[in-house]
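In: Below: sequence and its predicted model.
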Amino acid sequence: MYVIVAGGGKVGFALSQSLLANGHEVLCIEKDARRCAVIVEDLGSATFQGDCCEVSVLEEAGTGRAQVFVAVTGDDEDNLIACQVAKRRFHVPRTVARINDPKNREIFSILGVDATVNSTDVIMSQIAQEMPTHPLTQVVSLRGTGRELCQVEVTERSPLLGQSLNALELPGESEIILIVDQDRKVSTPSSGMRLHAGQIVLAVTRGEDEDALREALAGVAPD
Amino acid sequence: MKFLIMGCGRVGSGLARSLTDEGHDVTIMDIRQEAFLRLPTLFRGTAIIGSGLDLMALRRAGVEGADVFIAVTQGDNRNLMAAQVARHIFHVPRVIARVYDDSRAEIFRELGLETLSSPRHVIGLMREMVFGQPDAQAETG
Amino acid sequence: MKSLRRPAGPGAWPGRFGALFGGRGDLPAARTILVPVVGSAMDAAALKVAGEVARGSGGRVHVLYIIEVPRAVPLDDPMDFHVSRGERVLRDIENGWPHRKTRLVTELLQARQAGPAIVTEAIERGADLVIMGIDHERRYGDYTLGAATAHVLQHLPLAVWIMRAPIDQNGTR
């Protein structure tokens, strides 16, 4: 698969390395000549110097035959425009943008970027794994559905504790899709299962129901 | 008419001034306070510190009631993103973005934005100064 | 492309270079000489020198023709026009090879950029000398060293000999 990575900073460089290691054809486009000189030592001819929003640069990079275009510069507006140019002008089937400001997630999705990765959320999910007390973490935003996949840890404070999983009344159209027990056993919800403190729940929910879902499963945190 | 201008550089401030002189309702935004020094001392419009990429700041600047949104910051991508937000999220009837890169301007023109590629216009005007009348090159801009 | 045969340190160079020149007569003892060719007049000059060195050392000459594949197409694109041109250049070199006892190996390679490809090939083929024939190039009204040559000079940890054509006073670009 041909993947273009726009932006050769820490994120773009590491992403390019891992894509190459997985056997993909990769081209990492980086604007800054000095940064290019650094990453070329490792990425070799998978490095390309140029402005990833410039049509002529994307043309030369062979964007027309890329299956995936990932924009991971430090500027949200550059990531958005690069993805839009890749999509509109070069018809790349899948565009992915890094979002530095979480507030931009909705804008990107309305303006046609296929998927967004929010570095804040990724870092939060890393923190959440370190500190199991973090109540709710967004894992992935599901484009076009207005929904997101999130992870919640069930606590003693949950008002739904002990209830049967298929009888749970969750806020809005929230739905539990996977449960990880304390002994790390993973299962899908079935009628015999009950909600226990310590379980990690993966659920799909609307953004506006996020808080209510957290309260239902993790309870209200004591002040 | 109600105008919202993003970017208080030479173009933004000059435009804001001429529009207020004609009696239009003008709000101008910039992320740097010192940019507003370009406005006349007795500017009759509203100047607001904030980014045109920030939905809250745009609301504060009254984007919801604007008839025209004009993005004239130094960054092509900032202008194009803000213009799309004004057009597709706030449904401002007329949205104009200044873009230096002509090929990028063209792509977003196809996406329903009014884009103005300033190098192309300057080239056209210079040719006109030399050759006396608008020629084919300038016309296409 | 981490170098495989880089000498131990700067101190290793004099000895190595001395060994290079320890061959018969005044010529170095390089066993494998890589000559990148492009189908220009300077190819012949580089090959002539490479042939003499290999004859003296009992080594071989490895000729490399690189097709730079634009990114708009996959690396293994047929590139018919360029392949047939490259094959013709290599065939002519084989047919005109004057040395009976000195081995000549030719290779056609598709790469994104010639410079890094020459470096990789030289190391993989175990070359100990690279000889390149280049033209005097001008760009934007000023002298320029071609990108491939500059890359090889900067990154290849082996001896590199550059042979440049006389300056063509009219040959500006």
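Out: That came through fine.
In: neighbours around residue A:205, how many?
Out: 26 (other C-beta atoms under 10 Å in any protein chain shown). All C-beta spots, glycine's among them, are computed from the backbone N, C-alpha and C.
In: Which strand or helix spans the nearest residue to residue A:188 once chain neighbours are set aside?
Out: Closest residue to residue A:188 apart from its sequence neighbours, by C-beta to C-beta, 6 or more residues apart in numbering or on different chains: residue A:178 at 6.2 Å. Counting by DSSP states H and E, the element that carries residue A:178 is strand A:175-180.
In: Per-residue pLDDT of residue C:170, please?
Out: Here the pLDDT value assigned to residue C:170 is 55.
In: just to revisit the earlier point, so the residue nearest to residue A:188 makes contact with residue A:204?
Out: No. Contact criterion C-beta atoms under 8 Å: residue A:178 and residue A:204 do not qualify, at 10.1 Å.
In: more neighbours, the two?
Out: Taking neighbours as other C-beta under 10 Å, residue A:178 and residue A:204 compare with residue A:204 leading, 18 against 14.
In: Output the contacting helices and strands for the host helix or strand of the more buried one.
Out: Residue A:204 is part of strand A:200-206, with elements assigned from DSSP H and E. Using 3 or more C-beta pairs under 8 Å, 6 or more residues apart in numbering or on different chains; DSSP states H and E, the elements in contact with strand A:200-206 are strand A:147-153, strand A:175-180, helix A:210-218.
In: Reformat those as CSV; add mean pLDDT.
Out: CSV is the format used below for these (pLDDT from 0 to 100):
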stretch, mean pLDDT
strand A:147-153, 84
strand A:175-180, 86
helix A:210-218, 86
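In: Nearest to residue C:141, out of those?
Out: Between residue C:141 and the helices and strands packed on strand A:200-206, the tightest spacing by C-beta to C-beta is seen for strand A:147-153, at 57.0 Å.
In: In chain C, what residue lies closest to chain B?
Out: Chain B sits closest to residue C:72 of chain C, with a gap of 16.5 Å, by C-beta to the nearest C-beta.
In: wait, doesn't that residue sit right on residue A:66?
Out: No. The criterion here is C-beta under 8 Å, and residue C:72 misses it with residue A:66 at 10.4 Å.
In: ok, the two, which is more surrounded?
Out: Neighbour count, other C-beta under 10 Å: between residue C:72 and residue A:66, residue A:66 has more, with 25 against 13.
In: can you pull the pLDDT of the more buried one?
Out: 95.
In: Over to residue B:141?
Out: 43.
In: where do the strands sit along chain C?
Out: Counting by DSSP state E, chain C has strands at residues C:32-37, C:60-68, C:103-111, C:129-134, C:137-139, C:142-144, C:159-164.
In: got CSV for those strands, with distance to chain B too?
Out: Formatted as CSV, the strands of chain C follow (distance: least, C-beta to the nearest C-beta, whole Å):
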stretch, distance to chain B
strand C:32-37, 36
strand C:60-68, 25
strand C:103-111, 29
strand C:129-134, 35
strand C:137-139, 24
strand C:142-144, 26
strand C:159-164, 39
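In: okay, the ones you listed in TSV with distance to residue B:10 and mean neighbour count next?
Out: Listed next are the strands of chain C as TSV, based on distance: least, C-beta to C-beta, whole Å; neighbours: other C-beta atoms under 10 Å in any protein chain shown:
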stretch	distance to residue B:10	mean neighbour count
strand C:32-37	52	25
strand C:60-68	44	22
strand C:103-111	48	16
strand C:129-134	48	23
strand C:137-139	36	14
strand C:142-144	35	10
strand C:159-164	50	16
